[in-house]
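Chemist: Here's a sequence, model it:
(2 chains)
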Number of protein chains: 2
Amino acid sequence: MSQSPSFLEPRSQIDDPSSPVARFGADEPLVMDAGMALAPWQIAYQTYGTLNTAKSNAVLICHALTGDQHVANVSPVTGKPGWWTTMVGPGKPVDTDRFFVICANVIGGCSGSTGPATINPATGHPYNLDFPVLTIRDMVRAQAALIDRLGIASLFCVLGGSMGGMQVLQWAASYPDRVFSALPIAAAARHSAQNIAFHEVGRQAIMADPDWRGGNYLNEGTRPSKGLGVARMGAHITYLSELALHRKFGRNFQDRSAPTFSFDADFQIESYLRYQGLQFVERFDANSYLYVTKAMDYFDLAAEHDGILARVFKGSATRFCVISFTSDWLFPTSDSRAIVHALNAAAASVGFVEIESDKGHDAFLLDEPEMFSAARGFIDAAARARGLS
Amino acid sequence: MSQSPSFLEPRSQIDDPSSPVARFGADEPLVMDAGMALAPWQIAYQTYGTLNTAKSNAVLICHALTGDQHVANVSPVTGKPGWWTTMVGPGKPVDTDRFFVICANVIGGCSGSTGPATINPATGHPYNLDFPVLTIRDMVRAQAALIDRLGIASLFCVLGGSMGGMQVLQWAASYPDRVFSALPIAAAARHSAQNIAFHEVGRQAIMADPDWRGGNYLNEGTRPSKGLGVARMGAHITYLSELALHRKFGRNFQDRSAPTFSFDADFQIESYLRYQGLQFVERFDANSYLYVTKAMDYFDLAAEHDGILARVFKGSATRFCVISFTSDWLFPTSDSRAIVHALNAAAASVGFVEIESDKGHDAFLLDEPEMFSAARGFIDAAARARGLS
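Modeler: Next up is the predicted model:
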């Protein structure tokens, strides 16, 4: 926590030309839940806005499974706008004119932070499956080291959706004194059996691809794009809702009014899914997909507290706001309710907003005015409570 | 309809050693919705019980996507009991002491009926993807030809679950005068966008497997077992419910109390799914999976009636009973309600039983006492109405 931002490494031209990277050497290993100490390691991140003199206006955004640090800037990989420009920016609920906003690529990811595609200094080859299997807590530990490096003792707010929401909860659990307010959206305190099942199908699809090469595809010049594409297609269905799919695609045929009686993409929904798969493999690493899905599967915040979630948050002074969406069947409202009940049982400060939406889990990434107004209200109130202008 | 059972071909030792097979020659082509005439072709089936003199006690069971004709006898392939011995047998709701029960492998399947693995007489090689893409109506046409061959003018009852229920509805729509009573269970009058999406992921998983060889794996001595296994794993999740998965597996680890921090099957649910995939590829043909899922996707009974399902059943004298399960999210109760509403609008005779169950779509194959009593009551009443003892 002693170094100021001026001590940071310059932007890495190798790992990600557009993001600053915080590097940690052999003397600063990342001790992981699997028991290994990762060193050296690095974390790539973006910031927006200005840290105030009191360093009290820092907001950490945690990204979801396939997200990255480019929350509010054009992605250098896809050329598309940041993934949450509706939520983060000047005048937005997370107002970059007021707050110093940080978003870091998760450890295990593939957007500049150390992950399975990183060169293992011990071998000179990518880690591949020698990379330690990681947890949400490992991701948060790495973020805490970054926050230390940025010289920030306490975060004004930590927020994120889906796996990002898991990190928010883990932050509040691991570092209660460093989180003034927490906003988990479309999240859960533990991954369900059904969600583990869907993830496992995706992993098996990747591992079934002979171009995966037992995880060593980077050494062998192949890419398991077909397997990763199938994994993405399956996962994508779970991010939507039956009603959203029906409204958007229904049983409409692709450019035709009749079936082709072939295995071409006959229906619009088939064509859409194939496109999602193709797009995804251009920007994501297959081994990262294995590691990050596994981290989500392992997530069970109450496991070390005899399954009693309230104990996790006992004595917490963090202000919480929990948001869920009615049509989200991947992280259903009942999961958010369980968090709220636990926080209430722990006598924590908590608000709960269940938003009526037919857009499914992905609603947190979409234009949901009620989400924006709930987030804005919660953040504004927290800012007043912290004495931020 | 002129030939009696004695004219049937003997059991085929090649296609299926345990099932009688009805063969149709070049003069009896199966005219398919895709516009092709399939000839020669054959249909493998099982029967139970005795056809009465009036030939008025015949019951047709329609099987689901991965089912076969072995509804109430030990499967010669798996050595396991028939797939619906709880419903069909002496003293069971479909009482083989009273009824002559027929179950045929669907056209396009892989259990003795003509399908993509059948030798194409024009080439001397398996049809593979030259087999015409088929529809639920084609399956029903083939069954009608079998029923003709068996000398049965009218079926006392047609019943089945899932894709079997689609066939039941198609029977009632295509041959209203030949269906005295109809019992579609956990079915729908059209496949939803979400269900098409899940099927497409499964198909892509198969096609992504290089051992699929563009569909020609039988010629090349390979089998796309990995792709088919992934397809089955994904589909299997949709047959259950979140609650059933939670109750059965929860987040329990496999033989251990702690995570392995590896990509082994850590959780019981992972191990269970992998086992389901492995079992399935032993008994099912990958191309059949492509064809039969596609047939389900095409199913939209009202499509030729401007989307108005009631018109399909206008003037129908068939007695219907529609059964659904509360936790079935693949063919949700709302789909069954739509059928019931249409039948009511068509002034048809219809009963509706929504069964409280947390077992998901697969409930129709499981021990569901309410389903058995509903089926028994419906069938008994229909039997009285038909003057069957």
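
Chemist: OK, contacts around the spatially most central residue of chain A?
Modeler: Residue closest to the average C-alpha location in chain A (C-alpha atoms, centre = their mean): residue A:64, at 2.2 Å. For residue A:64, the contacting residues are A:160, A:161, A:162, A:163, A:164, A:365, by C-beta atoms under 8 Å, 6 or more residues apart in numbering or on different chains. Where you see a C-beta, it was placed from the backbone N, CA and C, and this is true even at glycine.

Chemist: So which of those residues belong to helices?
Modeler: Using DSSP state H to define helices, the subset of these located there is A:163, A:164.

Chemist: Highest neighbour count among the contacts of residue A:64?
Modeler: residue A:161 (31 neighbours; other C-beta atoms under 10 Å in any protein chain shown).

Chemist: Greatest separation within the contacts of residue A:64: which pair is it?
Modeler: Using C-beta to C-beta, the pair of the contacts of residue A:64 lying farthest apart is A:163 and A:365, separated by 12.4 Å.

Chemist: show me what contacts the residue nearest to residue A:215 when sequence neighbours are not counted?
Modeler: Here the nearest residue to residue A:215 in space, its sequence neighbours aside, is residue A:129; by C-beta to C-beta, 6 or more residues apart in numbering or on different chains that works out to 3.9 Å. Under the criterion of C-beta under 8 Å, 6+ apart, the contact list for residue A:129 reads A:116, A:214, A:215, A:216, A:287, B:263.

Chemist: try 10 Å this time
Modeler: The contact partners of residue A:129, by C-beta atoms under 10 Å, 6 or more residues apart in numbering or on different chains, come to A:116, A:214, A:215, A:216, A:287, A:290, A:291, B:262, B:263.

Chemist: looking at it, residue A:308 is touching residue A:338, isn't it?
Modeler: No. Counting by C-beta atoms under 10 Å, residue A:308 does not reach residue A:338; the two are 11.3 Å apart.

Chemist: ok so the residue nearest to residue A:215 is a helix residue?
Modeler: Yes. The secondary structure assignment for residue A:129 places it in a helix, going by DSSP: H, G, I helix; E, B strand; the rest coil.

Chemist: quick check, residue A:102 in a helix?
Modeler: No. The assignment for residue A:102 (three-state DSSP) gives strand, which keeps it out of a helix.

Chemist: got the residues of the stretch 1-150 of chain A near chain B?
Modeler: Applying the criterion C-beta under 10 Å from any C-beta of the partner chain, the portion of the stretch 1-150 of chain A that neighbours chain B consists of A:32, A:33, A:34, A:35, A:36, A:129, A:132, A:133, A:134, A:135.

Chemist: quick one: which of those residues is nearest residue B:225?
Modeler: The shortest separation between residue B:225 and any of these is 22.7 Å, and it belongs to residue A:129 (by C-beta to C-beta).

Chemist: where does the closest one land on pLDDT?
Modeler: The predicted structure scores residue A:129 at 97 on the pLDDT scale.

Chemist: Between residue A:308 and residue A:338, which has more neighbouring residues?
Modeler: Just comparing residue A:308 and residue A:338: by other C-beta under 10 Å the higher neighbour count belongs to residue A:338, 16 against 12.

Chemist: That one belongs to a helix, doesn't it?
Modeler: Yes. Residue A:338: assigned to a helix according to three-state DSSP.

Chemist: close enough to count as contact, it and residue A:307?
Modeler: No. Applying C-beta under 10 Å, one finds residue A:338 not in contact with residue A:307, separated by 11.2 Å.

Chemist: any common contacting residues for the two?
Modeler: Residues within reach of residue A:338 and of residue A:307 at once, by C-beta under 10 Å, 6+ apart, are residue A:190.

Chemist: In the stretch 251-389 of chain A, which residue sits nearest chain B?
Modeler: Sorted by distance to chain B under C-beta to the nearest C-beta, the residues of the stretch 251-389 of chain A start with residue A:261, at 3.9 Å.

Chemist: Any of the residues of the stretch 1-150 of chain A next to chain B buried? List them.
Modeler: Listed as buried from the residues of the stretch 1-150 of chain A next to chain B are A:32, A:33, A:34, A:36, A:129, A:132, A:133, A:134, A:135; burial here means 16 or more other C-beta atoms under 10 Å in any protein chain shown.

Chemist: wait, which of the contacts of residue A:129 is closest to residue A:94?
Modeler: Nearest to residue A:94 among those, counting by C-beta to C-beta, is residue A:291 at 27.6 Å.

Chemist: Leaving out sequence neighbours, find the closest residue to the closest one.
Modeler: The shortest distance from residue A:291 to any non-neighbouring residue, by C-beta to C-beta, 6+ apart, is to residue A:108 (4.2 Å).

Chemist: Next: residue A:203.
Modeler: If you skip the residues right next to it in sequence, residue A:203 has residue A:290 as its closest partner in space, 5.4 Å away by C-beta to C-beta, 6+ apart.

Chemist: contacting residues for the one you found?
Modeler: Per C-beta under 10 Å, 6+ apart, neighbours of residue A:290: A:108, A:116, A:129, A:131, A:133, A:199, A:202-203, A:206-207, A:212, A:215, A:228, A:231, B:263.

Chemist: Where do the strands of the stretch 1-150 of chain A begin and end?
Modeler: Read by DSSP state E, counting those that start in this stretch, the stretch 1-150 of chain A holds these strands, from start to end of the chain: A:21-24, A:30-31, A:37-38, A:41-48, A:58-62, A:88-89, A:94-95, A:100-104, A:119-120, A:125-126.

Chemist: can you check the stretch 201-350 of chain A too?
Modeler: Along the stretch 201-350 of chain A, the segments classed as strands by DSSP E, counting those that start in this stretch run A:319-325, A:349-355.
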